[in-house]
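Participant: What would the 3D arrangement of this be:
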Amino acid sequence: MAGHEIPEPADRKQVADPGSEPQTVAESRPSCDPAFRHGVVVGFDGSMSSERALAYAIGMASRHSSGLIIVHVANRLPTTVWAGCEPPVFVDVPDHRTEVLGLELACADYLAEVPWVLVERGGDICHELEEVGREYSADAIVVGSTHGIVGRIFGSVAGRLARRAQRPVIVIP
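Facilitator: Reported below is the predicted structural model:
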């Protein structure tokens, strides 16, 4: 049907100005909640050492009248375990632990004294904690120390983070 045009509805609202410059996603929205800017980032996985780190971070955030950014990093496993690929490729494993941790934290009385948010990430723990710290312009990152043979063989998260972080790292024993 050459030459046939469908008319625009009269009540149609224009969403964007056709002459305007397109914006990228990063420019059109802030990277995080501004209420938590310059807060305290804490790595939390439900272990005893992360619970001690959380308790310290709550006190620190309370003393500085700042927000608390609780970060849970989901598991990643190399696909080489299953496929034998070279070089190793990592795949995110569904981790429902964040939902469970979020419910536990929401019911916790000790978090009532500070504003907090739970952030879920996937990937390398050190990189993700530093990345969240950068996004929120965090004043410090608090982590628990690793006890056991796994930390001795592969290096602890706290040790790696302390060596490469661009902001203060507090390691709680």
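Participant: wait, what's in contact with G133?
Facilitator: 41, 141, 165-167 (Cβ atoms under 8 Å, 6 or more residues apart in numbering). For every residue, glycine as well, the C-beta is placed using N, CA and C.
Participant: And it, which helix or strand is it part of?
Facilitator: For G133, the host element (DSSP states H and E) is helix 125-135.
Participant: Give me the helices and strands touching the helix or strand just after that helix, please.
Facilitator: Going down the chain from helix 125-135, the next helix or strand is strand 140-144, by DSSP H and E. Here strand 140-144 touches strand 40-43, helix 48-63, helix 125-135, helix 157-164, strand 169-172, going by 3 or more Cβ pairs under 8 Å, 6 or more residues apart in numbering; DSSP states H and E.
Participant: Same list (these) but as a markdown table, adding mean pLDDT and distance to I70.
Facilitator: Listed next are the helices and strands packed on strand 140-144 as a markdown table, based on pLDDT from 0 to 100; distance: least, Cβ to Cβ, whole Å:
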| stretch | mean pLDDT | distance to I70 |
| --- | --- | --- |
| strand 40-43 | 95 | 6 |
| helix 48-63 | 94 | 7 |
| helix 125-135 | 92 | 10 |
| helix 157-164 | 85 | 15 |
| strand 169-172 | 93 | 14 |
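Participant: Kindly compare burial across these and name the winner.
Facilitator: Most buried of these by mean neighbour count (mean count of other Cβ atoms under 10 Å) is strand 40-43; its value is a mean of 28.
Participant: which helices and strands does that strand pack with?
Facilitator: In this structure, strand 40-43 makes packing contacts with helix 48-63, strand 68-74, helix 125-135, strand 140-144, judged by 3+ Cβ pairs under 8 Å, 6+ apart.
Participant: send the alpha carbons of stretch 41-50 over as PDB?
Facilitator: Output of stretch 41-50 as PDB, limited to C-alpha atoms (Å, rounded to 0.1, in the frame of the first residue of the first chain):
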ATOM      1  CA  VAL A  41      30.600  -0.700  53.300                       C
ATOM      2  CA  VAL A  42      30.700  -4.100  55.000                       C
ATOM      3  CA  GLY A  43      31.000  -7.500  53.400                       C
ATOM      4  CA  PHE A  44      28.500  -9.900  54.800                       C
ATOM      5  CA  ASP A  45      27.900 -13.600  54.100                       C
ATOM      6  CA  GLY A  46      26.300 -14.800  57.300                       C
ATOM      7  CA  SER A  47      29.500 -16.300  58.700                       C
ATOM      8  CA  MET A  48      30.700 -15.500  62.300                       C
ATOM      9  CA  SER A  49      33.500 -13.300  61.000                       C
ATOM     10  CA  SER A  50      31.200 -11.300  58.800                       C
END
